[in-house]
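Undergrad: model the following, please.
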Amino acid sequence: MLLKSKIYGSGSNNLIVLHGFLGMSDNWKSFGLQMINKGFKVHLIDQRNHGKSFHSNDFNYELMANDLYKYLNEKNINKTSILGHSMGGKTALLYSLMYPDTINKLIVVDILPVNYNTNYNEIFEALLEIDLKEIKSRNDFNIHLNKHFDDTNFILFLSKNLQRTNDGGFNFKSNIKVLYKKYKNITAGFKFINQYKNEVLFIKGEKSKYIDAEKLKLSEMFFPNYKLQKIRNAGHWVHYENPNDFFLVCSDYLNN
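TA: Sure, this is the predicted structure:
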């Protein structure tokens, strides 16, 4: 099955954007619209089990990298630049190891190809414990999440997974039950032994702990030719917390 996407702009200078875990293409609309002014045809991808893309009981990075390869073939794209955030960054990194000749520029945002001991149990328990048949509005859902999380922006991020059904009720866009069951496939590192010898730009949120010296050292095994750029006043959600600096760094790198 083919991934769903939203495409902005025109021409042959393609840029693929891959969202993070529990995210979707809509999270990147503002960035995508900015990039078309820099001459890019921007493909905002929904990865499997997310957004409007297909649901599957199978979920890991190798599958998602192959999903992207099929998408590019279907769109007759022989070579493209790729930007991936968090889970999307890991998808992009594994894709680069599998299909290096199809990549122009590669940007990976606040993630590395290593194991992370992130525990998503609290998030999924909060999402799964609510009876969607009982809520009358999105605000009801947000009130429920507010019992579990203090970060308003994170609550709004999670609530984007909610959508209206034809009968006026609600369901989840994302395949929440499978994502819960398989999320350790996402936090795990890679087992591939080959290298991506072309350059990759790692972007780190200044306040984020996802990229540090130890993890960078481990990542050199796969990506020896990397650059590191820090974005000030930003954590893991770099593109949201400092969109202006993030856009400037990305557009400068992609156009040079």
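
Undergrad: His50: what's it in contact with?
TA: His19, Leu22, Gly23, Met24, Lys173, Ser174, Asn175 (Cβ atoms under 8 Å, 6 or more residues apart in numbering). C-beta coordinates here come from the backbone N, C-alpha and C atoms, glycine included.

Undergrad: kindly report the same for Lys177.
TA: Lys177 makes contact with Leu128 under the criterion Cβ under 8 Å, 6+ apart.

Undergrad: name the SS class of it, please.
TA: Lys177 falls in the helix class when you classify it by DSSP: H, G, I helix; E, B strand; the rest coil.

Undergrad: now stretch 18-34: buried residues?
TA: Going by neighbour count (16 or more other Cβ atoms under 10 Å), the buried part of stretch 18-34 is 18-28, 31-32, 34.

Undergrad: and it, how far apart are its ends?
TA: Stretch 18-34 stretches 16 Å from its first residue to its last (Cα to Cα, to the nearest Å).

Undergrad: just the strands in the stretch 1-150 of the chain please.
TA: 5-8, 14-18, 41-45, 80-85, 103-109 (DSSP state E, counting those that start in this stretch).

Undergrad: distance to Asn166 and mean pLDDT for those - can I get that in JSON lines?
TA: Formatted as JSON lines, the strands of the stretch 1-150 of the chain follow (distance: least, Cβ to Cβ, whole Å; pLDDT from 0 to 100):
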{"stretch": "strand 5-8", "distance to Asn166": "22", "mean pLDDT": "98"}
{"stretch": "strand 14-18", "distance to Asn166": "29", "mean pLDDT": "98"}
{"stretch": "strand 41-45", "distance to Asn166": "25", "mean pLDDT": "98"}
{"stretch": "strand 80-85", "distance to Asn166": "32", "mean pLDDT": "98"}
{"stretch": "strand 103-109", "distance to Asn166": "36", "mean pLDDT": "98"}
